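Q: turn this into a model:
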Amino acid sequence: MLKLKTLTLIAIATLYTIVYSRELPIKTDPTCSTGIRDGSACCVAECNQCGGVGCSVNPLGPENCCSNTILATRPITYCNESLPPCIIVAAPEPVPDPLCENGLQNKNVCCREECLTCGGANCSTDPFGPENCCTTTILASDYSCDDYSAPCIVTLIPDVPTDVPTDFPTDIPTDIPTDVPTEKPTDKPTDKPTDKPTDKPTATPTITPSVKPTTKPSVTPTVEPTQEVSGTIKLLSNSKMELSVLGLSGILLLL
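A: Numbers count the residues shown, from 1 in each chain. So this is what the prediction gives:
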């Protein structure tokens, strides 16, 4: 008899739910007309307050009566999509944050930037709640930072070479030589000669003679005498002619 009554009540409740859901579709409250508003947060009317002192100990809980908790709850519930508790703004398109640039990162978890810590022993007591500041809670939500902003999960990037060179030099040299020469000389000599002349003389003589005369005389005499030697020869020839004239004059006097 008891089982029959129980089954009857379950059947009535199920039927009532079906009929009620058909006649009364899910309502929205874009202006928070059925709740209590605090800024852009809309609390449940039964809270008799929205935020302020004592909202966290309200019998309906902070998730319904504390404006800060409602604003920090993820995923966000907007009043143009649901009843209170909700946020009174139009639902924007999700903004991806793949590198957690606008959040607080802990390994592959991106917490909200306003959190005191991202994970840790006290993350559940953070003012923004565990759903925004606890790594285990965020990992369970399965929200990827490729599609959403914090709180979300950072997709690990595989260790592959980049298409564009990095800003800083790598620790290990490249296998292929670079096109631009290095500032310091190499340890080994290059295959091709340099464009500038060397500071030290070469081991073998050059093919073309030098423009200036050498400091030391050559081993073999030159083909033509120099100008200084030619002048000396001319001077000696003139002296001999003068001596010859004087000798002839002396002989004539004696006669």
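Q: please enumerate the strands of this protein.
A: 35-38, 41-44, 86-87, 103-106, 109-112, 152-153 (DSSP state E).
Q: what comes into contact with the fourth one?
A: So that's strand 103-106. The contact list for strand 103-106 (Cβ atoms under 8 Å, 6 or more residues apart in numbering) reads 97, 110-113, 115, 117-119, 135, 149-152, 154. All C-beta atoms are positioned from the backbone trio N, CA, C, and that covers glycine.
Q: D126: which of those is nearest?
A: C115 (5.4 Å; Cβ to Cβ).
Q: neighbours of that closest one, just the number please.
A: Residues lying near C115 (other Cβ atoms under 10 Å) number 24.
Q: before we move on, the earlier item: now render the strands of the chain as CSV, adding mean neighbour count.
A: CSV is the format used below for those (neighbours: other Cβ atoms under 10 Å):
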stretch, mean neighbour count
strand 35-38, 20
strand 41-44, 26
strand 86-87, 24
strand 103-106, 20
strand 109-112, 26
strand 152-153, 24
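Q: which among these is found nearest to K216?
A: Checking the strands of the chain against K216 by Cβ to Cβ gives strand 103-106 as the closest, at 78.6 Å.
Q: average pLDDT for that closest one?
A: Strand 103-106 comes out with an average pLDDT of 95.
Q: just the ones in helices from the contacts of strand 103-106, please.
A: Counting by DSSP state H, the part of these found in helices is T135.
Q: same list (the strands of the chain) but as a markdown table, adding distance to C55.
A: Listed next are the strands of the chain as a markdown table, based on distance: least, Cβ to Cβ, whole Å:
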| stretch | distance to C55 |
| --- | --- |
| strand 35-38 | 9 |
| strand 41-44 | 8 |
| strand 86-87 | 16 |
| strand 103-106 | 25 |
| strand 109-112 | 20 |
| strand 152-153 | 27 |
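Q: who wins for proximity to N68 among those?
A: Proximity of the strands of the chain to N68 was assessed by Cβ to Cβ; the nearest stretch is strand 41-44, lying at 7.8 Å.
Q: how about that closest one as PDB, C-alpha atoms only?
A: Extracted in PDB, the C-alpha atoms of strand 41-44 (Å, rounded to 0.1, in the frame of the first residue of the first chain):
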ATOM      1  CA  ALA A  41      24.800  42.000  -9.400                       C
ATOM      2  CA  CYS A  42      21.300  40.800  -8.900                       C
ATOM      3  CA  CYS A  43      20.700  38.800  -5.700                       C
ATOM      4  CA  VAL A  44      17.700  36.600  -4.800                       C
END
